[in-house]
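**Student:** I'd like to go over a predicted model; first the sequence, then the structure.
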Amino acid sequence: MKPLALGLGLATLAVASAALAAPEFSYDPPGKLVAGSGKGRVDMNVYAPDMRFPMESGPAYANSQVWGHGGMNGGGGSQCDVENFSYPWHDNYCESRSWDMPLCPAGEGHQGQDIRAASCKDRTHWVVAVVDGTITNIGSYSVYLTAADGTRYEYLHMADVAVKEGQKVKQGEHVGKVSNQFNGEATTVHLHFNIKQNVAGVGIVYVPTYMSLVQSYEYLLGIRTRPVDAGPPPAPAPDPPAPEIHETPLPAEPEAAAPAEDTGCAVGAAAPSGTPFGIALAAVAGIMARRRRKKKVLSTAWS
Ligand SMILES: [Zn+2]
């Protein structure tokens, strides 16, 4: 009897240690897309260093919902395939799409990142506010959160939305649940996440989210520690020279652009100038043109 009891004991130990050893987080470098899915942008910049990871809890898997199993170009299989729910992560910003994306090598592409939750279960996993801010738009499957600095975070394919337009939210507060909502049609169960920012010399554009997601995910998992807030900034040096102002601040994005609900993960859906997304881009172009004209006038006045 003794050898049998010992054998069972070892087996129990093996099972217990397997359950404890979660797979180690790893990620492909930014800009490395699934072969054949387009040309990525190699960009190590963390555009949103203070953000929290958009899923309430891990694990989560950033990869392509179109080029993964169960996706349109995924080569078959189920969206619940274990490969979709495993590391390493894969960037899919700039994956082939037909709408303008100024920061993508092709000038067009997928504007954010697809992220799967811990499982493929619909309407189960909470998505949370990545920063303190205001809910600035709620569409049929999207929620926009705008931070005090103007950065807009966009959550697509949401269900069970737990916030209202105009509501102030704190980082970590429930926003909604990961689902397959897509304007009455079903996509795969995933979160499509965008960050829209004012980039110097370019304008208000969708910026890469990948390294901001990597960093915030490492905070979530405890792999790295968020820097401690150093408190209020030191007092300014006495008598700083008055800066020369050559430029007016960029005006806020016009209200007309706010409700623009982009097409998220759709493939091949063009965004002609008449669509809300096209209108938003046209509005941005208009602002930039006005800015240039204004700048010219001011430069003349000051020089
Ligand atoms: Zn997407």
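**Tutor:** All right, it came through fine. Numbers count the residues shown, from 1 in each chain.
**Student:** contacting residues for Ser119?
**Tutor:** 80, 85, 125 (CB atoms under 8 Å, 6 or more residues apart in numbering). Any C-beta I mention is one placed from the backbone N, CA and C, and that applies to glycine too.
**Student:** Checking it next. Helix, strand or coil?
**Tutor:** For Ser119, the assignment made with DSSP: H, G, I helix; E, B strand; the rest coil gives coil.
**Student:** Now do the phi/psi pair for it.
**Tutor:** Backbone geometry at Ser119, expressed as degrees, to the nearest 10, gives phi -140, psi 170.
**Student:** ok, back up a step: could you pick out which of the contacts of Ser119 are near the ion?
**Tutor:** On the criterion CB under 5 Å from the ion, none of the entries of the contacts of Ser119 sits beside the ion.
**Student:** Could you check how many residues crowd around the closest residue to the ion within the stretch 1-150 of the chain?
**Tutor:** Closest residue of the stretch 1-150 of the chain to the ion, CB to the ion: Asp114 (4.3 Å). Per other CB atoms under 10 Å, the neighbour tally for Asp114 reads 29.
**Student:** What strand or helix carries it?
**Tutor:** According to DSSP states H and E, Asp114 maps onto strand 113-116.
**Student:** residues in contact with the first helix or strand past that strand going along the chain?
**Tutor:** Sequence-wise, the next helix or strand downstream of strand 113-116 (DSSP H and E) is strand 126-128. The contact list for strand 126-128, computed with CB under 8 Å, 6+ apart, reads 52, 54-57, 155, 158, 171-178, 191.
**Student:** show me the contacts for Tyr27.
**Tutor:** Going by CB under 8 Å, 6+ apart, Tyr27 touches 62, 87-90, 214.
**Student:** beta partners of it?
**Tutor:** Counting by DSSP bridges, Tyr27 is bridged to Trp89.
**Student:** quick one on the thing from earlier: pretty sure the residue of the stretch 1-150 of the chain closest to the ion contacts Asn92?
**Tutor:** Yes. With contacts defined as CB atoms under 8 Å, Asp114 counts as touching Asn92 at a distance of 5.6 Å.
**Student:** any shared contact partners between the two?
**Tutor:** Common neighbours of Asp114 and Asn92 (CB under 8 Å, 6+ apart) are 62-64, 66.
**Student:** Looking at those, which are in strands?
**Tutor:** Those of the shared contacts of Asp114 and Asn92 mapping onto strands are Ala62, per DSSP state E.
**Student:** now the shared contacts of Asp114 and Asn92 in a markdown table, with distance to Ala22, pLDDT and neighbour count?
**Tutor:** Shown next, in a markdown table, are the shared contacts of Asp114 and Asn92 (distance: CB to CB, whole Å; pLDDT from 0 to 100; neighbours: other CB atoms under 10 Å):
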| residue | distance to Ala22 | pLDDT | neighbour count |
| --- | --- | --- | --- |
| Ala62 | 17 | 98 | 24 |
| Asn63 | 18 | 98 | 26 |
| Ser64 | 23 | 98 | 23 |
| Val66 | 27 | 97 | 22 |
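**Student:** Show me which of the shared contacts of Asp114 and Asn92 is closest to Thr134.
**Tutor:** Ala62 (26.0 Å; CB to CB).
**Student:** How about the closest one, nearest residue that isn't a chain neighbour?
**Tutor:** Of all residues not flanking Ala62 in the chain, Trp89 sits nearest, at 4.1 Å (CB to CB, 6 or more residues apart in numbering).
**Student:** rewinding a little: could I have the buried ones of the contacts of Ser119 as ChimeraX selection syntax?
**Tutor:** Remark: buried members of those, expressed as a ChimeraX selection using 16 or more other CB atoms under 10 Å:
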select :85,125
